[in-house]
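# Sharing a sequence plus its predicted fold:
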Amino acid sequence: MGIKISDYATEEPIYSNTYPYNFEVAKDIDEHSSEIANANYQLKISEKWFEGIHVTVADIKTNQPKDFRYSSAQENIGFLYCMEGVIFINKADEASDPVIINANQQSIAFGQLNNTILHINGRVKYLYIQLTSSYYQRIANKTFEAESFPKEKTVTPEMEVLFQSIINSKYAGRANRLFIESKIFELIIYYIDQQHTPASFLIKKDDVDKILSAKKLVEFDLQKPHSLVELARKVGINDYKLKKGFKEITGYTVFGYLYKIRMEQAYHFLAQEKKSVSEVSYLVGYKNPQHFIYAFKKLYKILPGSLNKT
């Protein structure tokens, strides 16, 4: 059993690891972390595994669009949760549109993931949970039926808490193993119970980078945001594709995302840099501080002025 990540263009190996059959361990839990960096990308991987379960947390940054080959020959059930960025997945030997997994979305895969291509543009952080088929069958008392589950789906708040608790677990040794396995039980219960949902809106790969460019323009033009039509014209895509694609990739409308970024920046300016409310209001693009105060309180349930007190 093992995984390997390599540069798709050059076939240069980047990261690999091997595991005993069924992820068996001599102690309570095995762990491994690694960091790889060069001029084009940075990769941080943290792994934990024990009988039947393997958990990977990865943080990948690229300076330009980059394709990685992910190889994993074992037939495991995989739950992929994208925390940040956008992941594009397709088979190297298939001329089909990629599967798109956005921030705060999850995807399920079953069987061999050998020769899978991950297209990364910018920064991506993800959690990947693998369960062996025998483990799933023992816990669920049934075989895994991939067709009964949605392949890509927005993560519910409850599932986001579950995934984040696995990522941020502070336990060690036996306690960590028991904690992770308890969360895996919750995950299995959720997937057994859920209903099928429609497939995601497909976006051509050529349009993806244009939409991501629009996303960056939204992030950097808080004070003078573009209209949807202006944004579409700047990145070379029609406004309908931008509207549909932006929601699919980010989980937000263009202006919903603008609001999110404005509030996150405002929170940072207030809590970390201790700027005044009027200054922060201007910095994040509000002409009227009262409108900013209303928007901030609506999201965070507190007055912005309560954060900048020293």
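Yes, it's here. Numbering: from 1, shown residues only.

# Now do the SS call for residue 74.
What DSSP: H, G, I helix; E, B strand; the rest coil gives for residue 74 is coil.

# next one: the one 3 residues further on
Under three-state DSSP, the three-state class of residue 77 is strand.

# Measure how buried it is and give me the count.
Per other Cβ atoms under 10 Å, the neighbour tally for residue 77 reads 21. C-beta coordinates here come from the backbone N, C-alpha and C atoms, glycine included.

# gap between the helix or strand containing residue 264 and the chain center?
Residue 264 is part of helix 254-271, with elements assigned from DSSP states H and E. Its chain's average C-alpha position is 19 Å from that of helix 254-271, according to Cα atoms, centre = their mean, to the nearest Å.

# name the helices or strands packed onto that helix?
Where contact means 3 or more Cβ pairs under 8 Å, 6 or more residues apart in numbering; DSSP states H and E, helix 254-271 is packed against helix 205-220, helix 228-235, helix 239-250, helix 277-283, helix 289-300.

# In the chain, where is pLDDT below threshold?
73, 92-98, 110-114, 145-153, 157, 194-202, 310 (pLDDT under 70).

# how about the strands in it?
Under the criterion DSSP state E, strands of the chain are mapped to 2-7, 13-18, 30-37, 41-50, 53-62, 66-71, 76-84, 86-91, 99-102, 105-111, 116-120, 123-132, 152-154.

# of those strands, which approaches residue 270 most closely?
strand 76-84 (22.6 Å; Cβ to Cβ).

# Strand 86-91 and the closest one, what's the angle between them?
150 degrees (axes from the mean of the first three to the mean of the last three Cα atoms, to 10 degrees).

# Can you spell out which helices and strands pack onto strand 76-84?
Strand 76-84 packs on strand 99-102, strand 105-111, strand 123-132, helix 133-140, helix 157-167, going by 3+ Cβ pairs under 8 Å, 6+ apart.

# deepest of the strands of the chain, which one?
strand 99-102 (a mean of 22; mean count of other Cβ atoms under 10 Å).

# Partner strands of that strand, with direction?
For strand 99-102, the paired strands and their directions (DSSP bridges) are strand 86-91 (antiparallel).
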